[in-house]
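Student: Sequence isn't available, so here's the structure alone:
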C-alpha cells in the first residue's frame, strides 16, 4: 500500500511540475491562459463615431484645446447621440481614434492624457447600453503626418506604431471583455496584388502576427479584430493564413465598397476619375450609360489633371463604365467579396461569429439625386442582408458626412429610409 501511495504522490508531483512548466511557458510569451479559451465578443450591428469632424492638421496636434477633448468626435457630439444609436437598434459603436496624434511628438504625458480621454469616451458609450470596438483608425496622410503608409513603410516606423497599440491595449485591459474589443489597425494599405512585383513577398502577414502579439500581451482578455492587407478588403483577408495566429479570441474583419464606381462617385480624394462621376444608380439603369459617361468626361476635361493623366483616366473610365453597365455585372461585383470570404472561412474552419463586415457604405451627394437616400436603399439592404445571411456581424460607414446614414450630412439623427434598409428601427 505504501508503495502504491508513494508512487501516486511521485506521479502527482511530476504532474504538478509539468503543469507549472507549461504555465510558465505560456506566460513567458505574454499571453494569459484564459485568452486562448475566451469566447469572442458578441457583435451584431455597428456604427462608427465620426472622424475628421474637427481634428486639426498635424501642426496643431499638440494644441491643449484639442488634447483636452479626445477622441475628436467629442468636440461636436452633444451627449444624446449614443442613446439615438441604441434606440435605432445598433448594439455596438466602432470608436474610431486617429493614432497619428499619439505618434506626433509622442511622450508619456501626452499618451496618458489621450488614453484618459479614450476611457471617458468608452464609458459614455457603455452607459448608453452599447458595446465598443476601439478602432485605431489609421488613414493615409500627407507627409510628415504619420499616416498609414508612413507607419507601414519600415520596421522602425512600425515599431513606433506598436507602442500606440500597446498603450491603447493597456488602457482597455481592465474593461469587461464582453463589452469592449480592440481593433489595432484600420485598412493596412500594403500587399495589393497590383502593387507587388513578381518576386515580391507580402509584408503584412508577418507584421500582423507581431501586432497581434503586442495587442494580446497588452489586453489579454479582449477580443482582437484583425484584417488582411490591401485596404482591409476581402482579397487581403483571403490571402492570410489564420493558423499563423493561434488565438480563438480573434474576429476577422473585411471591408467592402464594391462596386467602387457606385460607392465612391464624387469622391475627389481617391486620386482618380471618381471625382467627376455622378448620377450612377445601383443597380445601374442601362439607358443612362452614354449620358452619364459624357458628364464624367466633360468633368475630366475641366479637371486639373495633366494631359497624360487625363488620357489614362479617360481610358479607365471607358472600361469601367462598360463593365458597370453590362447586365448583371454590378450585382455580381457587390456579391464577390462575400463569396470570397465565405470560401476562405470554410477552408480555414472559421465560424461565423468570428467574422465581421467591418465597413460598407455608399457616398451620398446633395448635388446628385442618384445617391440620395431613396437611391441608396437597395445597396444598403443588399450588403447588410448578405452579411446577415452568412451569420456575420457588420458595421456601416459612416454616421454622418458623405457616407453617413444620418438624416443629413451634418446631423446625427438617422435617415428613416436607411434605417429600414439596415433592418433597424426608423425614427
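Tutor: Yes, it's here. Since we're looking at a predicted model, the values are computed, not measured. Residues are numbered from 1 along each chain as shown.

Student: how much space is there between the closest residue to residue 420 other than its chain neighbours and residue 413?
Tutor: For residue 420, ignoring the flanking residues on the chain, the nearest one in space by CB to CB, 6 or more residues apart in numbering is residue 426 at 5.3 Å. All C-beta spots, glycine's among them, are computed from the backbone N, C-alpha and C. Using CB to CB, to the nearest Å, residue 426 is found at 11 Å from residue 413.

Student: how far out from the middle of the chain is stretch 123-142?
Tutor: Relative to the chain's own centre, stretch 123-142 is displaced by 10 Å; criterion: CA atoms, centre = their mean, to the nearest Å.

Student: repeat for stretch 233-240
Tutor: Distance of stretch 233-240 from the chain centroid (CA atoms, centre = their mean) equals 13 Å.

Student: what pLDDT, on average, does that stretch get?
Tutor: Averaged across stretch 233-240, pLDDT comes to 97.

Student: Could you do stretch 346-358 as well?
Tutor: 98.

Student: about what we covered before: and what about the residue nearest to residue 420, helix, strand or coil?
Tutor: Following DSSP: H, G, I helix; E, B strand; the rest coil, the label given to residue 426 is coil.

Student: mind listing what it touches?
Tutor: Contacts for residue 426 were tallied using CB atoms under 8 Å, 6 or more residues apart in numbering; they are 414, 416-417, 419-420.

Student: Show me the shaky parts of this structure.
Tutor: Where the chain drops to pLDDT under 70, the residues are 1-37, 52-56, 365-371.

Student: And the strands in it, which stretches?
Tutor: With DSSP state E, the ranges of strands along the chain come out as 45-48, 92-97, 131-136, 180-183, 224-227, 250-256, 355-360, 393-395.

Student: Distance from the longest one to the middle of the chain?
Tutor: In this case it means strand 250-256. So, by CA atoms, centre = their mean, the centroid of strand 250-256 is 7 Å from its chain's centroid.

Student: Residue 293 reaches residue 319, doesn't it?
Tutor: No: judged on CB atoms under 8 Å, residue 293 makes no contact with residue 319 at a distance of 11.1 Å.

Student: Between the two, which is the more surrounded one?
Tutor: Each of residue 293 and residue 319 has its neighbours counted (other CB atoms under 10 Å); residue 293 has more, 20 against 10.

Student: how about the nearest residue to that one once chain neighbours are set aside, what does it touch?
Tutor: Spatial nearest neighbour of residue 293, excluding adjacent residues (CB to CB, 6+ apart): residue 321 at 4.8 Å. Neighbouring residues of residue 321 by CB under 8 Å, 6+ apart: 261, 289, 292-293, 296.

Student: and those residues, which of them are in helices?
Tutor: With DSSP state H as the criterion, helices contain 261, 289, 292-293, 296 from among the contacts of residue 321.

Student: For burial, what's the neighbour tally of the closest residue to residue 207 other than its chain neighbours?
Tutor: In space, not counting the residues next to it along the chain, residue 207 is nearest to residue 158; the distance is 6.1 Å by CB to CB, 6+ apart. Other residues near residue 158 come to 18 when the count uses other CB under 10 Å.

Student: correct me, but residue 158 touches residue 151?
Tutor: Yes: with contact defined as CB under 8 Å, residue 158 reaches residue 151; the gap is 6.0 Å.

Student: Buried only: go through the contacts of residue 321 for me.
Tutor: 261, 289, 292-293, 296 (16 or more other CB atoms under 10 Å).

Student: would you turn the residues you listed into TSV with distance to residue 359?
Tutor: Formatted as TSV, the buried ones among the contacts of residue 321 follow (distance: CB to CB, whole Å):
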residue	distance to residue 359
261	18
289	29
292	26
293	28
296	25
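
Student: Closest to residue 376 out of those?
Tutor: Nearest to residue 376 among these: residue 261, at 14.7 Å, using CB to CB.

Student: From residue 329, how far off is the closest one?
Tutor: 10 Å.

Student: go on, residue 335?
Tutor: 11 Å.

Student: same check, this time on residue 78
Tutor: Distance of residue 78 to residue 329, given as CB to CB: 44 Å.

Student: Out of those two, name the residue with the larger neighbour count.
Tutor: Neighbour count, other CB under 10 Å: between residue 78 and residue 329, residue 329 has more, with 15 against 6.

Student: Could you verify my assumption that the more buried one touches residue 319?
Tutor: No: applying CB under 8 Å, one finds residue 329 not in contact with residue 319, separated by 12.0 Å.

Student: Do you have the helices of the stretch 1-150 of the chain handy? List them.
Tutor: Along the stretch 1-150 of the chain, counting by DSSP state H, counting those that start in this stretch, helices occupy 2-28, 33-37, 64-67, 81-88, 100-103, 108-127, 148-152.

Student: List the buried residues of the fourth one.
Tutor: The reference is to helix 81-88. 81-82, 84-85, 88.

Student: Output the contacting helices and strands for it.
Tutor: Identification of packing neighbours for helix 81-88 by 3 or more CB pairs under 8 Å, 6 or more residues apart in numbering; DSSP states H and E yields helix 108-127.

Student: List of residues touching the helix it packs on?
Tutor: Here helix 108-127 has contacts from 49, 62, 67-71, 73-74, 82, 93, 95, 97, 101-102, 132, 134, 164, 167-168, 170-172, 175, 179-180, using CB under 8 Å, 6+ apart.

Student: Can I get the buried part of those residues as one PyMOL selection?
Tutor: The following PyMOL line selects those of those that are buried, judged by 16+ other CB under 10 Å:
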select buried, resi 49+69+70+71+73+74+82+93+95+97+101+102+132+134+164+167+168+171+172+175+179+180
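
Student: Distance of residue 283 relative to residue 179?
Tutor: Taking CB to CB, one finds residue 283 at 39 Å from residue 179.
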